[in-house]
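Asker: Got a predicted structure here, sequence first:
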Amino acid sequence: MAIDRKNVEDIVRAVGGKENIEVATHCVTRLRFSLYDESKVDSAALDRNDLVKGQFSSQGQFQIVIGPGTVDKVYDEMIQLTGGPRSSKDEVKSAAARKQNPLQRAIKTLADIFIPILPAIVTAGLLLGINNLLTGPGIFFSQSLVDVYPQWKDIAAIINTIASTAFTFLPALIGWAAVTRFGGSPLLGIVLGLILVHPDLLSAYSYANASTEGTVPTWNLFGWHLERIGYQGQVLPVLVSAYILASIEKFLDKRVHDSIKLLVVAPVTLLITGFLAFTIIGPVTFGIANAITSGLIYVFDHFAILGGLIYGGFYSLLVITGMHHTFLAVDVQLIGSEGGTFLWPMLALSNIAQGAAALAMMFVIREQKTKGLAVTSSVSAFLGVTEPAIFGVNIRYRYPFIFGMIGSAMAGVLLTVNQVRATSIGVGGVPGFLSIFPNQWGVFFIGMAIVLIVPFVATVLYGRAVVQRAAKSPSEATDLTDAKPASKSGELNSRSSVQGSQEPVNILELASPLSGTAVPLEQVPDPAFAEKQMGEGIAIEPAEGKVYAPFDATVAHVIKSKHALILEHASGVQVLIHVGINTVSLKGSGFTTRANIGDKVKAGELLLEFDMEAIRAAGYPLITPIIIPAGQDMVERIEEKTGPATAKQTSILTVHLKG
């Protein structure tokens with residue numbers, strides 16, 4: 001399609017003119033800008049622009065949703081207009097990061113480090129929960145299960161060994177993730193972490209007793225007696241050491257000749273970093289970490305009610321800002337140094353509180369699609385993932401979110417007053433009890449009852465009162481009882497994707513291109529998809545890394561970074577399959593295409609393979625939107641079908657064509 005040059009000029013003018021554009025790039029669906037001053041953006045002008053499907057700012061990038069098949073042409077036209085250089089996505093990302101304040105950058109850095117290792121930590125937490133069931137007294141009998149049935153003792157011992165490995169070698173996991181984040185060699189990060197927990201060192205868990213008894217082993221470095229201790233369960237020592245290691249490695253890599261890099265860069269980097277870790281970094285950060293831990297313990301020991309109110313009540317706000325990732329490091333530190341954390345139990349109950357509030361909205365709102373979202377997102381929250389409930393339902397209506405916070409604050413006070421601790425980080429929400437010390441389950445279950453009942457009842461009662469008021473005063477009804485995601489000016493009606501023969505048909509079925517679970521677009525953690533700025537569709541939480549053709553089609557476009565493609569049916573209807581969120585940043589790593597632009601493919605033919613573990617390790621969500629780009633006039637409406645989906649078999653969309 002031809003691009004109206006005036007519309008592109010209007011976009012440039014609306015973002016503050018070419019002098020306000022630092023760098024700009026595009027992905028498969030949107031323009032991405034790093035702007036000098038976002039306050040100069042004219043949002044109203046963008047909403048009036050026929051090319052613009054949506055707009056939002058995220059992590060320092062201003063993004064304008066244009067749509068697949070059009071955005072590259074708009075970008076080309078914009079570059080001609082502004083005379084600016086073509087920029088890569090990394091350049092825009094780097095420029096945007098520079099605009100974040102130090103706190104935002106620190107939070108993002110911690111998130112980038114801890115999110116990739118979170119699956120290992122959560123898995124360890126779940127397995128430790130099973131071990132708790134087997135070894136905890138008073139759960140099934142007055143004695144533990146393994147005491148009553150000794151034949152289970154070694155089974156429990158093996159489970160404990162498997163479960164505790166992630167925490168025993170936690171510095172190795174953090175070293176890998178941190179050095180990767182700081183731009184160094186991941187392998188050196190692993191070795192660094194293992195160095196800090198070497199068996200020849202005194203375990204950090206034994207340090208307190210050895211210090212009291214005066215038996216701490218030392219190194220004698222020319223008269224400098226240095227304590228020979230490990231850093232099991234510690235976070236700060238390996239984080240700082242990883243940064244130093246990556247910096248030294250990058251410095252040497254630029255200056256050492258290629259012929260001797262293997263002999264110089266890694267050995268010198270590890271030797272210098274290792275000495276610094278044991279002589280300066282370790283002792284200093286070990287002391288800082290212990291001071292932080294002692295301070296938190298003092299606050300929650302002496303001001304338990306206040307601590308429970310603040311952390312329990314405001315944890316959901318931390319999720320919105322992204323600051324909750326910061327406290328993951330604190331939890332890990334508390335578990336490593338104290339054997340348990342008092343923060344994580346409040347997190348688990350906060351998830352349930354937001355889920356209960358979202359579920360209550362099913363009994364308040366009238367709009368059917370939002371009712372369905374209320375149910376599915378609440379289940380997700382009960383299992384530890386609150387973003388769909390918070391962003392999809394509770395924030396939209398405001399009062400469910402507030403009642404969720406109130407219930408969570410009440411439960412937080414109960415937990416802190418009774419000093420409830422978690423032995424590990426597990427799955428937040430209902431399964432969270434597995435991570436709690438078994439002798440504290442009773443209090444935790446009472447807290448669980450509070451966060452289930454208080455937000456649910458309060459939301460239903462208040463919501464129905466709003467409905468009754470709205471019945472008397474209809475002008476109040478729309479926002480609180482039938483709210484829908486804010487629409488963008490120029491947004492078009494529902495679109496769909498299709499399956500079928502070459503003959504004209506009125507109703508077409510789209511088979512799932514992936515195996516997994518079909519969920520509403522509202523659950524996608526990206527506003528361009530969740531708000532349907534590009535068009536209607538559905539999303540798949542994939543169970544395997546393969547994408548198949550959902551109908552006989554022509555491959556209209558394959559994105560250069562291989563994470564997305566566009567198919568066109570004989571009827572002219574196009575469908576976008578976009579694997580993961582922000583996976584464009586992987587630059588094709590982990591993706592293998594099996595079809596090229598212009599290929600004719602049959603329904604069920606393999607189109608794309610992707611490495612699920614590599615994408616998870618990079619910290620990107622795997623959820624895959626299946627979108628019918630807006631502007632396809634032959635589509636009248638579509639029907640979505642959520643639930644379990646089998647590739648090539650399960651119908652996920654029914655498309656009604658005009659005429």
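Answerer: Received the coordinates, thanks.

Asker: Can I take it that Leu226 is in a strand?
Answerer: Yes - assessed by DSSP: H, G, I helix; E, B strand; the rest coil, Leu226 belongs to a strand.

Asker: ok, now which ones touch it?
Answerer: By Cβ atoms under 8 Å, 6 or more residues apart in numbering, Leu226 lies in contact with Thr218, Trp219, Asn220, Phe278, Thr279. Backbone N, C-alpha and C define where each C-beta goes, glycine included.

Asker: Run through the stretch 251-400 of the chain and note the low-pLDDT ranges.
Answerer: 321-323, 325-326, 367-370 (pLDDT under 70).

Asker: Which residue ranges of it form helices?
Answerer: 261-276, 282-302, 304-307, 313-321, 324-338, 344-360, 368-382, 387-389, 395-397, 399-417 (DSSP state H, counting those that start in this stretch).

Asker: Kindly report the same for the stretch 401-550 of the chain.
Answerer: 441-472, 477-481, 527-530.

Asker: Next: the stretch 51-200 of the chain.
Answerer: 71-82, 89-98, 102-135, 145-148, 153-168, 170-181, 186-195.

Asker: The longest one - contacts with which helices or strands?
Answerer: The criterion is 3 or more Cβ pairs under 8 Å, 6 or more residues apart in numbering; DSSP states H and E, and the helices and strands that helix 102-135 contacts are helix 145-148, helix 153-168, helix 170-181, helix 324-338, helix 612-617.

Asker: got the ones you listed as a markdown table, with mean neighbour count and distance to Val41 columns?
Answerer: Below are the helices and strands packed on helix 102-135 laid out as a markdown table (neighbours: other Cβ atoms under 10 Å; distance: least, Cβ to Cβ, whole Å):
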| stretch | mean neighbour count | distance to Val41 |
| --- | --- | --- |
| helix 145-148 | 15 | 62 |
| helix 153-168 | 16 | 44 |
| helix 170-181 | 26 | 30 |
| helix 324-338 | 20 | 28 |
| helix 612-617 | 16 | 32 |
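
Asker: now those in JSON lines, with distance to Ile288?
Answerer: Formatted as JSON lines, the helices and strands packed on helix 102-135 follow (distance: least, Cβ to Cβ, whole Å):
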{"stretch": "helix 145-148", "distance to Ile288": "39"}
{"stretch": "helix 153-168", "distance to Ile288": "21"}
{"stretch": "helix 170-181", "distance to Ile288": "16"}
{"stretch": "helix 324-338", "distance to Ile288": "10"}
{"stretch": "helix 612-617", "distance to Ile288": "29"}
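
Asker: among those, which is nearest Ala204?
Answerer: Set against Ala204 and scored by Cβ to Cβ, these come closest in helix 324-338, at 7.4 Å.

Asker: which residues sit against that closest one?
Answerer: 106-107, 110-111, 114-115, 118, 121, 167, 170, 204, 232-236, 239, 289-290, 292-293, 296-297, 315, 318, 340-344, 347, 422-425.

Asker: Among those residues, the buried ones, what's the ChimeraX command?
Answerer: A single ChimeraX command is used to select the members of the contacts of helix 324-338 judged buried by 16 or more other Cβ atoms under 10 Å:
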select :107,110,111,114,115,118,121,167,170,204,232,233,234,235,236,239,289,292,293,296,315,318,340,341,342,343,344,347,422,423,424,425
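
Asker: hang on, the earlier thing: what's the closest of the helices and strands packed on helix 102-135 to Gln574?
Answerer: When the helices and strands packed on helix 102-135 are compared by Cβ to Cβ, helix 612-617 sits nearest Gln574, at 24.8 Å.

Asker: looking at this protein, which helix or strand is least sure?
Answerer: helix 477-481 (a mean of 41; mean pLDDT, DSSP states H and E).

Asker: so where is the stretch 451-600 of the chain shaky, pLDDT-wise?
Answerer: In the stretch 451-600 of the chain, residues with pLDDT under 70: 467-505.

Asker: before we move on, back to that, tell me the most buried of the helices of the stretch 251-400 of the chain?
Answerer: helix 344-360 (a mean of 30; mean count of other Cβ atoms under 10 Å).

Asker: OK, contacts around Ile507?
Answerer: Here Ile507 is in contact with Thr654, Val655, His656, Leu657 (Cβ under 8 Å, 6+ apart).

Asker: Now name the helix or strand holding the third one.
Answerer: Put plainly, it is His656. Secondary structure from DSSP states H and E places His656 in strand 651-657.

Asker: helices or strands up against that strand?
Answerer: strand 507-511, strand 535-542, strand 624-629, strand 635-640.

Asker: Mind putting the ones you listed into JSON lines with distance to Gln55?
Answerer: Listed next are those as JSON lines, based on distance: least, Cβ to Cβ, whole Å:
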{"stretch": "strand 507-511", "distance to Gln55": "29"}
{"stretch": "strand 535-542", "distance to Gln55": "16"}
{"stretch": "strand 624-629", "distance to Gln55": "17"}
{"stretch": "strand 635-640", "distance to Gln55": "24"}
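
Asker: Out of the ones you listed, the one nearest Thr416 is which?
Answerer: That would be strand 535-542 among the helices and strands packed on strand 651-657, by Cβ to Cβ, at 34.8 Å.

Asker: From Leu239, how far out is Leu188?
Answerer: Distance, Leu188 to Leu239, by Cβ to Cβ, to the nearest Å: 15 Å.

Asker: if we can go back for a sec, now the helices of the stretch 51-200 of the chain as JSON lines including mean pLDDT?
Answerer: Below are the helices of the stretch 51-200 of the chain laid out as JSON lines (pLDDT from 0 to 100):
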{"stretch": "helix 71-82", "mean pLDDT": "88"}
{"stretch": "helix 89-98", "mean pLDDT": "68"}
{"stretch": "helix 102-135", "mean pLDDT": "79"}
{"stretch": "helix 145-148", "mean pLDDT": "89"}
{"stretch": "helix 153-168", "mean pLDDT": "88"}
{"stretch": "helix 170-181", "mean pLDDT": "92"}
{"stretch": "helix 186-195", "mean pLDDT": "95"}
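
Asker: For Ser380, which of the ones you listed is the nearest?
Answerer: Closest among those, using Cβ to Cβ: helix 102-135, at 15.1 Å.

Asker: The closest one: which residues count as buried?
Answerer: 104, 107-118, 120-122, 124-132, 134-135.

Asker: quick one: Gln63 and Leu35 touch, right?
Answerer: No - Gln63 is beyond contact range of Leu35, at 10.8 Å (criterion: Cβ atoms under 8 Å).

Asker: what comes into contact with the strand holding His656?
Answerer: Here strand 651-657 has contacts from 496-498, 505-512, 518, 537-538, 540, 571, 573, 626, 628, 634-642, 645, using Cβ under 8 Å, 6+ apart.

Asker: Just the mean pLDDT for that strand, thanks.
Answerer: Confidence for strand 651-657, expressed as mean pLDDT, is 85.

Asker: Pairing partners for it, with directions?
Answerer: Within its sheet, strand 651-657 is paired with strand 507-511 (antiparallel), strand 635-640 (antiparallel), according to DSSP bridges.

Asker: Now render those as CSV, adding distance to Gly545.
Answerer: Putting the strands paired with strand 651-657 into CSV (distance: least, Cβ to Cβ, whole Å) gives the following:
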stretch, distance to Gly545
strand 507-511, 18
strand 635-640, 23
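
Asker: All set, thanks.
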